[in-house]
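**Student:** Structure, please.
(chains A and B)
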Amino acid sequence: MDCREFLGRYSDYDDSLIPPIEVERFRAHMAACGSCARYDRVLRKGRMLARQIPAPRPSEDFVPRLTRRLWSELPRRHPAPGTATVAAVGATLLLVALSSLGLLARARTDSSTGELMRMALGEVVPGPTAPAAPAMPDRTGPPAFPVTGVAVPRAWPAERVDRGIASSYSPLVTGPPAYRVERERPSLTATTSRRRTLD
Amino acid sequence: MDDPQLAAASLAGEARAFTVLADRYHARLLNFIHRMIGDRDRAEDLVQETFVRVYKHLHRYDQNRKFSTWAYTIAGNLAKNELRNRSRNPLVLFQTIKKNWEADHRPLEWEDHRYKPDDLFRKRDLRARVEEAVAELPEHHRVVFVLRELEGKTYEEISEITGVNLGTVKSRLNRARNAFAERIAPLID
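**Tutor:** Numbering: from 1, shown residues only, chains lettered A, B, ... in the order given. The predicted structure follows:
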């Protein structure tokens, strides 16, 4: 073995990638060549010193910072595709059920079948976003609030309701809509004409 | 729990599982990236970025592979990009290319004439000199040297992390060791 071969294949010897007979060749060369022996010595000592170099210490708040960043920057982890499909179907069914309950609740207090048809045909579209409120005619009875689990007292006496919020009839509204309630002032003309009729 | 189990738990929604993974590897990744780019504060930013990417792509992690190898691959790519961004100056880029070419094509050599018994004063900051010798290695030699000598990775792991074949890893490591020995020989022997 000459010095060129020794230097060229030194890593194989250093990392024990050669058979024992080759290891002996390397050792025999180092015994005969002071320069290559020094090379081996320098490299082993240098490696030991390099491993003693102190590693930089992470900041104390590294993991808390990372956790905050993950929670604030990244969306919640998506469920597995199968789970997402089941969840989406379930959510749709729930929304349809709530919409149906809302329609039924309105049917009890509203005799206008035309109105019901409009809603059933999709003027109020269930979904994650608040739909635009349909144009509702004046009503003489208390409004039918969507079934949300929140008890809403009926308004009495009958009041005309001015619907100012677009999401009033969204099935996803979790509280009573912000109605502006106006008391209907009895018309003096109507009262006068009824009295005349009775007379 | 081992790394694949923690990864699976994190995917299932257990937030604490990922924190354990991060705690397990953040110091080692910081050391690796710091040795690559030489800037401790920037290295910590890149380790944060490594874990963000690991978290985002955890669903792609192959549990038959070592988690550390995957994390080191991401960290190594970020370090490489950082160095590339720094060398966008055309003159710096040319000097880097020239240095890398010479490192790969200069004949391996080792001669005794460098021995200078009068350089005792250098031994005072021996640790700093050794650290400097590592930092001065060309980038593609430095990464294999750090992964092998300081991080203890196998040849196969280094091949996977760096994306080069085993033969190239061996060749680069041999040259890195040769260059390292040349630099530190006057200091320690």
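
**Student:** looking at chain B, which helix or strand does the model trust least?
**Tutor:** helix B:90-105 (a mean of 70; mean pLDDT, DSSP states H and E).

**Student:** Output the next helix or strand after it as CSV - backbone C-alpha positions only.
**Tutor:** Using DSSP states H and E, the next helix or strand after helix B:90-105 towards the C-terminus is helix B:126-135. What follows is helix B:126-135 as a C-alpha-only set of coordinates in CSV (Å, rounded to 0.1, in the frame of the first residue of the first chain):
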residue,chain,number,x,y,z
LEU,B,126,-7.7,25.3,20.3
ARG,B,127,-11.4,24.6,20.6
ALA,B,128,-12.2,27.8,18.6
ARG,B,129,-9.7,26.8,15.9
VAL,B,130,-11.2,23.3,15.6
GLU,B,131,-14.7,24.9,15.3
GLU,B,132,-13.3,27.3,12.7
ALA,B,133,-11.7,24.4,10.7
VAL,B,134,-15.2,22.7,10.5
ALA,B,135,-16.8,26.0,9.5
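
**Student:** quick one: low-confidence ranges for chain A?
**Tutor:** With pLDDT under 70 as the threshold, chain A has low-confidence stretches at A:74-92, A:102-199.

**Student:** rerun at 80
**Tutor:** Applying pLDDT under 80 to chain A flags residues A:73-199.

**Student:** repeat for chain B
**Tutor:** Counting by pLDDT under 80, the ranges of chain B that qualify are B:15, B:86-125, B:189.

**Student:** Show the contacting residues for residue A:22.
**Tutor:** Going by Cβ atoms under 8 Å, 6 or more residues apart in numbering or on different chains, residue A:22 touches A:12, A:13. Heads up, the C-betas are built off the backbone N, CA and C, glycines and all.

**Student:** That should have said residue B:169, apologies.
**Tutor:** B:144, B:155, B:158, B:159, B:162.

**Student:** How about residue B:15?
**Tutor:** A:67, A:71.

**Student:** if you set the cut-off to 10 Å instead, what comes out?
**Tutor:** Counting by Cβ atoms under 10 Å, 6 or more residues apart in numbering or on different chains, residue B:15 makes contact with A:67, A:70, A:71, A:77, B:9.

**Student:** is stretch B:99-111 anywhere near chain A?
**Tutor:** Yes - Stretch B:99-111 reaches chain A (Cβ under 10 Å from any Cβ of the partner chain) through B:107, B:108, B:109, B:110, B:111.

**Student:** re the thing from before, now the two most distant members of the contacts of residue B:15.
**Tutor:** A:71 and B:9 (16.8 Å; Cβ to Cβ).

**Student:** the more surrounded of the two?
**Tutor:** residue B:9 (17 against 10; other Cβ atoms under 10 Å in any protein chain shown).

**Student:** check which helix or strand covers the more buried one.
**Tutor:** Counting by DSSP H and E, residue B:9 is found in helix B:3-11.

**Student:** helices or strands up against that helix?
**Tutor:** When contacts are defined as 3 or more Cβ pairs under 10 Å, 6 or more residues apart in numbering or on different chains; DSSP states H and E, helix B:3-11 packs onto helix B:15-37, helix B:40-56, helix B:67-86.

**Student:** One more pass at 7 Å, please.
**Tutor:** The helices and strands touching helix B:3-11, judged by 3 or more Cβ pairs under 7 Å, 6 or more residues apart in numbering or on different chains; DSSP states H and E, are helix B:15-37, helix B:67-86.

**Student:** What are the buried residues along it?
**Tutor:** Applying a neighbour-count criterion of 16 or more other Cβ atoms under 10 Å in any protein chain shown, one finds B:3, B:6, B:7, B:9, B:10, B:11 buried in helix B:3-11.
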